[in-house]
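> pasting the sequence and the predicted model now:
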Amino acid sequence: MKEKLKEIQEKARKQIEEATGADSLNDIRVGFLGKKGELTAILKSMKDVAPEDRPAFGQMVNDVRSQIEQQLMQAKAAVEAKELESRLSFEKIDVTLPAKKNNIGHRHPNTIALEEVEKIFIGMGYEVVSGPEVEKDYYNFEALNIPADHPAKDEQDTFYITKDILLRTQTSGVQVRVMESKKPPIRMIAPGRVFRSDEVDATHSPSFHQIEGMIIDKGVTLADLKGTLAEFARRMFGEDTKVKFRPHHFPFTEPSAEMDVSCFKCKGKGCRFCKGEGWIEILGCGMVHPKVLKMSGIDPDVYSGFAFGIGLERIALLKYEIDDMRLLYENDVRFLSQF
Amino acid sequence: MKTSGKWIKALVPGLDVTPKEYMDAMTLSGSKVEFFEEQDADLDKIVIGKIEKIEPHPDADKLVVCQVNVGDETIQIVTGAENVFEGAVVPVVRDGGRVAGGHDGSRTPGGIKIKKGKLRGVESFGMMCSIEELGSTRDMYPLAPENGIYIFPEDAPIGENAVSYLGLDDVVTEYEITSNRVDCYSVLGIAREAAATFRLPFNPPEVPVTGNDENASDYISVSIENDKLCKRYIGRVVKNIKIEPSPEWMQRRLASFGIRPINNIVDITNYVMIEYGQPMHAFDLDTIEDRKIIVKNAAAGDKFVTLDGQEHELDDTMLMICDGKKPVALAGIMGGENSMITDNVTTMLFEAACFDGANVRRSAKKLGMRTESSGIFEKGLDPNNAMDAINRACALVEEIGAGEVVGGCVDIYPHVNEPVVLPFEPEKYNALLGTDISEEEMLSYFERLEFKYDKDARTLTIPTFRQDILSYADLAEEVARFFGYDKIGTTLPSGAATAGGRTFEMEICSMARDVSEYCGFSQAYCYSFESPKVFDKLLIPAEDKLRNAIVISNPLGEDFSVMRTISLNGILSSLSTNIHRRNKNVRLYELGNVYIAKSLPLTELPDERMTLTLGMYGEGDFFDMKGVVEEFLGKAGISGKLKYDPDEDYPFLHPGRKAKISYEGDCIGFLGEIHPLVAKNYDVSERIYVAVIDIPNVCKHATFDIKYEGITNFPAATRDISMVVPKNVLAGQIEEVFENKGGAYLESYELFDIYEGAQVLSGYKSMAYSLVFRAKDKNLEEADITSAMERILKALGDIGINLRA
């Protein structure tokens, strides 16, 4: 009987080894372990074994059984792995064939630049606000310390609707509206469309966009303005961006400055892009004029603040190296789809 | 504003910096240098030489061979110039030197190198130069001959540098002067800034009061009728005038400005205008009738001929200088032909006045004649400057012997401009700047700027030429400028924290951008103003309120003259552009305002309504567009049933493919196919689908509040119904029945088949919906569904719908 068992074990091992697929393995299982299988038959002949040998024999049969089962399992796993492998290799595709795109639309470069600016200032606690594009003369000029007859008010530059209502020439008026309606501390930026009477050409458009920014609080200084805008420049144009502040004049800020950033193409060495200067003019800024604070109902002896204005198109043109402003308003998809 | 480097150095004697150092320092102290031009950059090895001998060229009729003494040697030069003669003193470029360009006035960047060589077999060791080859013009050097070598005076030093002798060894600097710094539109103003910037002494010219023992008031009387527009009028008289060219040094300084020297009197007025920033005018006193000057407004309709020979029609806002009988000058703009200086003048009246800047600007603009003088006046001058300027002019007249100055002056100055006195508040300046600059340091800046400090009163008296200094903030800026903006620290504001963020409408717009782009639309930017013809292109009827557009009173042209009341034109024009450029399957969206006037003409600000406009051609139809709209509104939290009304009138849309979109009674917008006639007006034949969404009304219903509803495990029951529907019944009507009659258990419904054709009775269509019923809290019983279905079928029957047999 023992020999017989050994024989079965050997035979099963051999058959399993030679088996070619899941089906033949199943046949082998049935052939040995099934109801009519060889091993089952041996178990059935247990009655011929001496009673005292039965436990040991039973143990032996079970060992063989589990051995066969084990071998079957391993063989099955091997077969499955092989089948998977052949399926996977059969399913191989040419990954360089064209993609199936969803044709997602493209955001306008102005908006991309604007969202970047917004993100930076929101992170610094600035609220994004808006104001009317058709605006009162008061908010666009007078409350910004630009009285009647100031050259900046020259009809040449401003589109008028009536004597007192115009298309805003700057987003600065939103400063005044916010100061009138809110108590300090104020931190705001106001992006929006502005209008000037300039003929359309490669660098001019009668309608463009600005982002006005302002902070009003106790003890705000020119050093704070420099620190804030230098931080903005680094986040907007890269960590190694340097800034330079030059004195300038705006009627609604005093002291005033223009900020240049080191050219982000040549890193300040001087190139065609920055006209050899190494610096690019980015924005105008200054400490909010005490007269403007007073007119807007804020006590300049208690509060101070700074304000700045950024030309959105200027940023977009520089950042994306667009050489003609007209492209921004033509809406040719071959242009838009590059963003 | 331009300055000559040599002139600035004459006023700031210690100034010894390179042009680049000068540019950087001046820019950082607030006088932004746009660029500088080294006039001799392309000139090299050019000396003064004397032609000793001229012989004919053996092989060329048009050439001559000159022996030229250039100081250290005599060199042979072959030339084709016709104006050379033995003894002529001329500029000579030696072998290896450079000239700026050709004798035709053309410039060569980097200059042209001159080398010795042979001309028709005869050796030549250099070149004699014309003024054009030296990089200048006959305008600037009136003595230079036309087409020929420049000839120096006989006493010019042989062998010396010709470029320096001509005054071309100068650097001309161009500044951007801000409108508040009127004083810097003068050489003295810039020099004062340069002295303060480099901490050097400033030496302005001494202005002696000159004149004989007669009195100008015996020659002329002046009265001002409009002292708002003329703040001061000073007249001085010069007699026995001798018109001749002005001296070389004056010509050179004028030339550095690009001003052409004319004669001594004209040059003096120009010179003082540049030096002091005070325009002046000279009248031939013999043409001034009644020896009287009256400053008054013109009479409307008057005609006046200016000294350039042009006739102008005047209006009564224009200020005129008149004599006893007639106008003789357009105040601050240009003198009259009737009183101008001619070569025969013997006695003249010098005018230095201060006119109202805004009035000069408006008049000059109306007359279309912006002159050097009006350009300066319109900035608004300091009347106190006029006296120094006119005395300087008279001193120059004496200095160069142009005439005899009559003593005294006539000075009409009704309201004297007094200097501003401000408290000295160093701690306030430091607080505003975030600095810790000492009092002494600040006072040293102010001293250089000629602000007078009163130690006892602790006040600063601001000179009247600094009209921009009116408050502590202005003084703080002066401190910052001379301390150095670059030396001020960089800190971040330390105040109370604020929460940043965007408004709800901005968030909705952001969502509109996201959804539009996911759906394949790219963002367009369109103009807010357009042509009134747009209304015709869109077939909008004459009486439609969309035509009540806000009109710009001074537009760039008709195409930009009205504020849009409907956003379609921008997107249609852009789509048309794309079609004509053969771009396929284009989808664009725009977010921008339309401007709805509350009344016209405008008395209050209009309603600015942010509008989402979607437009597309190529792949996709009405229902794709409808899908985009619903995706957006769904994302914006508008989850209820939208109503699509096909009967609303939109003349620019296809009458059978249009719908007004509303939600809970508010109009959200519309969508549809562009009417073929409108498409034709945009020069296209493609089918264009558009949707226009009113963002404020979306915001009214939009919400970002989301409440989770439990996912029920109770099973759903589905009932499909197949219907025969009269053709004119809309899907919307059927769905309204489902909504109204479906009861609480109707979870959803979906159209899965629609068919019109052979198998359906004519006048009818076949439609099939799948209805899903489910209860959240129980297993539905058959009765629940049956009763709902009965209600639905009955209501469908009422609008003529039967189940399909």
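In hand now; what should we look at?

> tell me the secondary structure for the residue lying closest to residue A:318 once chain neighbours are set aside?
Excluding its sequence neighbours, the residue lying closest to residue A:318 (CB to CB, 6 or more residues apart in numbering or on different chains) is residue A:280, at 6.4 Å. Quick note: C-beta positions are derived from backbone N, CA and C, even for glycine. Assigned state for residue A:280: strand (three-state reduction, DSSP: H, G, I helix; E, B strand; the rest coil).

> and stretch A:76-85, what's its mean pLDDT?
Mean pLDDT, stretch A:76-85: 90.

> tell me, what residue is most central in chain A?
When CA atoms, centre = their mean is applied to chain A, the residue found nearest the centroid is residue A:116 (9.7 Å).

> tell me the pLDDT of that residue.
Residue A:116 is assigned 96 on the pLDDT scale.

> what does the one 3 residues further on give?
Confidence per residue is given as pLDDT, and for residue A:119 that number is 96.

> on that earlier part again, residue B:744 versus the residue nearest to the centre of chain A, what's the distance?
Going from residue A:116 to residue B:744 by CB to CB, to the nearest Å gives 49 Å.

> what does residue B:163 give?
100 Å.

> so for these two, which sits in the more crowded spot?
Each of residue B:163 and residue B:744 has its neighbours counted (other CB atoms under 10 Å in any protein chain shown); residue B:163 has more, 22 against 10.

> what helix or strand is that one on?
Per DSSP states H and E: residue B:163 is located in helix B:162-165.

> hmm, who's touching the longest helix seen in chain B?
For chain B, the helix with the greatest residue count under DSSP state H is helix B:782-798. Applying CB atoms under 8 Å, 6 or more residues apart in numbering or on different chains, the external contacts of helix B:782-798 come out as B:717, B:719, B:721, B:723, B:734, B:737-738, B:740-743, B:745-746, B:771, B:773, B:775, B:802-803.

> which strands or helices does the strand or helix carrying the residue nearest to the centre of chain A pack on?
Element membership for residue A:116 (DSSP H and E) is helix A:109-123. Helices and strands touching helix A:109-123, as assessed by 3 or more CB pairs under 8 Å, 6 or more residues apart in numbering or on different chains; DSSP states H and E, comprise strand A:127-128, strand A:186-195, strand A:207-217, helix A:222-237, helix A:312-320.

> let me have those in CSV, extended by distance to residue B:376, mean neighbour count and mean pLDDT.
Putting these into CSV (distance: least, CB to CB, whole Å; neighbours: other CB atoms under 10 Å in any protein chain shown; pLDDT from 0 to 100) gives the following:
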stretch, distance to residue B:376, mean neighbour count, mean pLDDT
strand A:127-128, 43, 20, 96
strand A:186-195, 29, 23, 96
strand A:207-217, 31, 23, 96
helix A:222-237, 32, 21, 95
helix A:312-320, 30, 20, 91
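
> out of the ones you listed, nearest to residue A:272?
Judged by CB to CB, the one of the helices and strands packed on helix A:109-123 that comes nearest to residue A:272 is helix A:312-320, at 13.1 Å.

> what sits up against that closest one?
The contact list for helix A:312-320, computed with CB under 8 Å, 6+ apart, reads A:109-110, A:112-114, A:117, A:191, A:205, A:208-211, A:236-237, A:264, A:280, A:282, A:322-323, A:325, A:328, A:339.

> let me know the next secondary structure element after it.
helix A:327-330.

> at contact distance from chain B, anything in that following helix?
Yes - Helix A:327-330 reaches chain B (CB under 8 Å from any CB of the partner chain) through A:328, A:329, A:330.

> hey, where'd the strands end up in the stretch 551-700 of chain B?
B:562-563, B:587-596, B:607-617, B:643-645, B:653-663, B:666-674, B:688-694 (DSSP state E, counting those that start in this stretch).

> out of these, which is closest to residue B:148?
That would be strand B:562-563 among those, by CB to CB, at 61.3 Å.

> give me the residues contacting that closest one.
A:134, B:528-532, B:534, B:549-552, B:595, B:606.

> again, 6 Å this time
B:529, B:532, B:549, B:550, B:551, B:595 (CB atoms under 6 Å, 6 or more residues apart in numbering or on different chains).

> partner residues bridging the first one?
I take that to be residue B:529. For residue B:529, the beta-bridge partners under DSSP bridges are residue B:563.

> mind checking the SS state of the closest residue to residue A:271 other than its chain neighbours?
Of all residues not flanking residue A:271 in the chain, residue A:265 sits nearest, at 5.6 Å (CB to CB, 6+ apart). The three-state label given to residue A:265 by three-state DSSP is coil.

> tell me the pLDDT at the residue in chain B that chain A sits nearest to?
Sorted by distance to chain A under CB to the nearest CB, the residues of chain B start with residue B:434, at 2.9 Å. pLDDT for residue B:434: 96.

> now for it: which residues touch it?
Per CB under 6 Å, 6+ apart, neighbours of residue B:434: A:221, A:222, A:223.

> and the contacts of helix B:782-798, which are buried?
With burial judged by 16 or more other CB atoms under 10 Å in any protein chain shown, the buried subset of the contacts of helix B:782-798 is B:717, B:719, B:721, B:723, B:734, B:737-738, B:741-742, B:745-746, B:771, B:773, B:775.

> what about residue 265, neighbour count?
Assuming you mean chain A. Under the neighbour criterion other CB under 10 Å, residue A:265 is assigned a count of 14.

> you looked at the wrong chain, it should be chain B
24.

> show the pLDDT at the residue nearest to residue A:271.
For residue A:265, the predicted pLDDT is 81.

> isn't it up against residue A:273?
Yes - at 4.4 Å, residue A:265 and residue A:273 qualify as touching, with contact defined as CB atoms under 6 Å.

> for residue B:48, helix, strand, or coil?
strand.

> right, and it touches residue B:156 too?
Yes - look at residue B:48 against residue B:156 with CB under 6 Å: they come within range, at 5.0 Å.

> more neighbours: which of the two?
The neighbour count for residue B:48 versus residue B:156, taken as other CB under 10 Å, is higher for residue B:48 (23 against 17).

> and stretch A:95-107, C-alpha only, in CSV?
Output of stretch A:95-107 as CSV, limited to C-alpha atoms (Å, rounded to 0.1, in the frame of the first residue of the first chain):
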residue,chain,number,x,y,z
VAL,A,95,1.6,54.4,-27.1
THR,A,96,2.8,56.9,-29.5
LEU,A,97,-0.5,56.9,-31.4
PRO,A,98,-2.3,60.2,-31.1
ALA,A,99,-4.1,61.0,-27.8
LYS,A,100,-7.9,61.3,-27.5
LYS,A,101,-8.3,64.8,-26.1
ASN,A,102,-11.2,66.3,-24.3
ASN,A,103,-10.4,69.6,-26.0
ILE,A,104,-10.5,71.6,-22.8
GLY,A,105,-10.6,75.3,-23.5
HIS,A,106,-7.9,77.8,-22.7
ARG,A,107,-7.8,80.6,-20.3
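
> so how far is that stretch from its chain's centroid?
19 Å (CA atoms, centre = their mean, to the nearest Å).

> next: stretch B:315-335.
31 Å.

> residues contacting residue 162?
All of this is about chain A. Taking CB under 6 Å, 6+ apart as the criterion, residue A:162 is in contact with residue B:602.

> that's the wrong chain, I meant chain B
B:46, B:47, B:48, B:91.

> next, count neighbours for residue B:546.
17.

> contacting residues around it?
Contacts for residue B:546 (CB under 6 Å, 6+ apart) come out as B:540, B:565, B:566.

> residue B:278 reaches residue B:389, doesn't it?
Yes - contact criterion CB under 6 Å: residue B:278 and residue B:389 qualify, at 3.6 Å.

> so those two - more neighbours on which side?
Of the pair residue B:278 and residue B:389, residue B:278 is the one with more neighbours under other CB under 10 Å, namely 29 against 25.

> just the pLDDT at that one, thanks.
The model reports residue B:278 with a pLDDT of 97.
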